[in-house]
Structure formats: C-alpha cells, structure tokens
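*Asks:* Got a predicted structure plus its sequence, pasted below:
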Amino acid sequence: MGVAVRNPGFRPSYAIEVDPEFPPSGGWGVTEIRIGGDSAETLVIKVNPSAAEPWVGFFSCESRGLLVGLYACPNPEHLLVVTGIEAFLVPVNQPHDQQALPIRAFTSADRPNGTDLLVVGSFTHLAAIDAVGLLWVTDRLFTDDLKLTAGPPGSVYVQGWCHSIPSDLEVLTIDPLTGRVIAGNWDPSLTTNERNTRWHREGL
C-alpha cells in the first residue's frame with residue numbers, strides 16, 4: 001500500500017519502514033502484532049523504537065474513500081495508525097497496549113495551528129491526542145462531511161453540513177482543552193438519537 005508517514009511538527013523517537021521486505025530467513029525474528037479481521041488490504045509496518053526492540057505490525061485496512069496513514073504524535077513514543085474505519089494509538093515501546101479510538105470511519109488528521117494536539121476526524125466527530133494520550137472526543141458535530149479547516153492559531157476549526165441543505169455548511173470552533181464547541185452555529189439536537197459520545201480525560 002502506498003501509505004505515507006506523516007509528521008505534523010512532532011518529534012518521534014522511532015523510525016518506520018512501510019511494507020518491509022520479508023526476511024530471507026523465513027521469519028521476522030521480532031515481536032509481531034496483528035490488528036483487525038480479514039481484509040483485502042493490509043498495512044504492514046516495521047517500527048524501530050529508540051528505547052525498545054523492533055516490531056512488525058499488520059493492520060487490516062479499508063481505504064475506499066477513507067483515510068489510511070501513519071502519524072507522529074505529541075508524545076515521541078506514540079504512533080497513530082489510521083486504517084480507514086479505525087485508528088489505533090500505539091505506544092511504540094509496548095505495541096500490544098494499543099488503544100482503538102472511539103470514533104470510526106476516518107477522513108482527516110492534522111495538527112491545528114498553534115496547538116500541541118493531533119486531531120483526527122470522522123464524517124461527524126473529532127478526537128484529539130496530546131502528550132499523554134487520548135484527550136477528548138466531541139459530540140456529533142455535523143450530519144456529514146466534517147473537515148478540519150484553518151483559523152486563528154490556538155483553537156480547532158472544523159466545517160461540515162448541519163442538515164441536508166447545501167446552504168447549511170457551518171464552521172465551528174472547538175476548545176482545544178475540552179473538545180467543547182465554543183463558537184459557531186452548532187445544533188445540539190444532532191446528539192438526541194445517539195449515545196453521548198462526548199468524552200474528555202478526567203480532570204478537565
């Protein structure tokens with residue numbers, strides 16, 4: 001798979017090889033992790049942490065219309081693996097302890113200007129990762145077509161459709177500390193018929 005390793009200004013303490021060549025010896029000789037079920041697409045990576053042994057990961061992917069990629073994180077020892085439908089926050093020194101993000105079907109990921117966050121989006125929700133790990137998950141923000149967008153430094157900006165009418169494209173401002181909507185015409189009724197997805201790490 002032609003997957004790019006993206007570093008939005010963070011400093012990872014590891015190196016990644018995408019689609020490594022299978023060793024002539026017939027075995028990897030390192031720890032292997034396998035994530036996901038049967039899939040026509042598999043992302044294979046070899047990770048070489050600076051403070052641990054190398055390992056090889058096999059991640060089932062769904063790339064049709066979705067985001068697949070590898071992202072450096074605010075924590076130098078964290079790696080975000082986005083496989084289309086799912087995304088996994090992997091501590092590279094302990095890869096078996098990976099955490100699946102609680103939103104699905106990913107379309108975007110970036111570091112908002114003026115923040116130390118990696119923010120990822122589905123068609124309807126956002127999640128943010130800081131130097132500790134998963135920081136927050138928003139409520140449902142739009143009915144569809146969520147996209148990260150630019151704005152003044154220091155906040156998270158996102159746009160999408162509030163209803164099915166094209167004129168209802170809205171831009172929302174998200175508090176980078178809590179994941180709450182702090183500006184824009186957000187409709188809280190979008191969350192009425194779903195379980196409450198908004199979450200933030202204890203203490204915020």
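*Replies:* That came through, no problem. Numbers count the residues shown, from 1 in each chain.

*Asks:* Can you name the residues that contact Gly179?
*Replies:* Shown in contact with Gly179 (C-beta atoms under 8 Å, 6 or more residues apart in numbering): Leu126, Ala128, Leu135, Trp136, Val137, Thr138, Arg198, Trp199, His200. C-beta: built from backbone N, CA, C; applies to glycine.

*Asks:* which of those are buried?
*Replies:* Leu126, Ala128, Leu135, Trp136, Val137, Thr138, His200 (16 or more other C-beta atoms under 10 Å).

*Asks:* Turn those into TSV, columns for distance to Leu89, pLDDT and secondary structure.
*Replies:* Converted to TSV, the buried ones among the contacts of Gly179 look like this (distance: C-beta to C-beta, whole Å; pLDDT from 0 to 100; DSSP: H, G, I helix; E, B strand; the rest coil):
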residue	distance to Leu89	pLDDT	secondary structure
Leu126	15	98	strand
Ala128	11	98	strand
Leu135	11	98	strand
Trp136	13	98	strand
Val137	12	97	strand
Thr138	17	97	coil
His200	16	93	strand
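
*Asks:* tell me which residues of the longest strand along the chain are tucked away?
*Replies:* In the chain, with assignment by DSSP state E, the single longest strand is strand 41-49. For strand 41-49, a neighbour-count test (16+ other C-beta under 10 Å) marks Glu41, Thr42, Leu43, Val44, Ile45, Lys46, Val47, Pro49 as buried.

*Asks:* now, which of these sits nearest Arg180?
*Replies:* Distance to Arg180, by C-beta to C-beta, is smallest for Leu43 among the buried residues of strand 41-49, at 33.3 Å.

*Asks:* so that closest one makes contact with Val3?
*Replies:* Yes. Look at Leu43 against Val3 with C-beta atoms under 8 Å: they come within range, at 5.8 Å.

*Asks:* residues bridging contact with these two, i.e. touching both?
*Replies:* Common neighbours of Leu43 and Val3 are listed as Val18, Val68 (criterion: C-beta under 8 Å, 6+ apart).

*Asks:* Is the residue nearest to Trp186 when sequence neighbours are not counted within a helix or a strand, and which one?
*Replies:* Leaving aside its chain neighbours, Trp186 sits nearest to Leu172 (5.5 Å; criterion: C-beta to C-beta, 6 or more residues apart in numbering). Leu172 belongs to strand 169-174 when assigned by DSSP states H and E.

*Asks:* Give me the packing partners of the next helix-or-strand element following that strand, helices and strands only.
*Replies:* Remark: after strand 169-174, the chain's next helix or strand is strand 181-183, criterion DSSP H and E. With contacts taken as 3 or more C-beta pairs under 8 Å, 6 or more residues apart in numbering; DSSP states H and E, strand 181-183 sits against strand 169-174.

*Asks:* before we move on, the earlier item: what's the closest of the buried ones among the contacts of Gly179 to Pro8?
*Replies:* Ala128 (12.8 Å).

*Asks:* For the closest one, list each beta-bridge partner.
*Replies:* On the basis of DSSP bridges, Ala128 is bridged to Val119, Trp136.

*Asks:* Nothing else from me, thank you.
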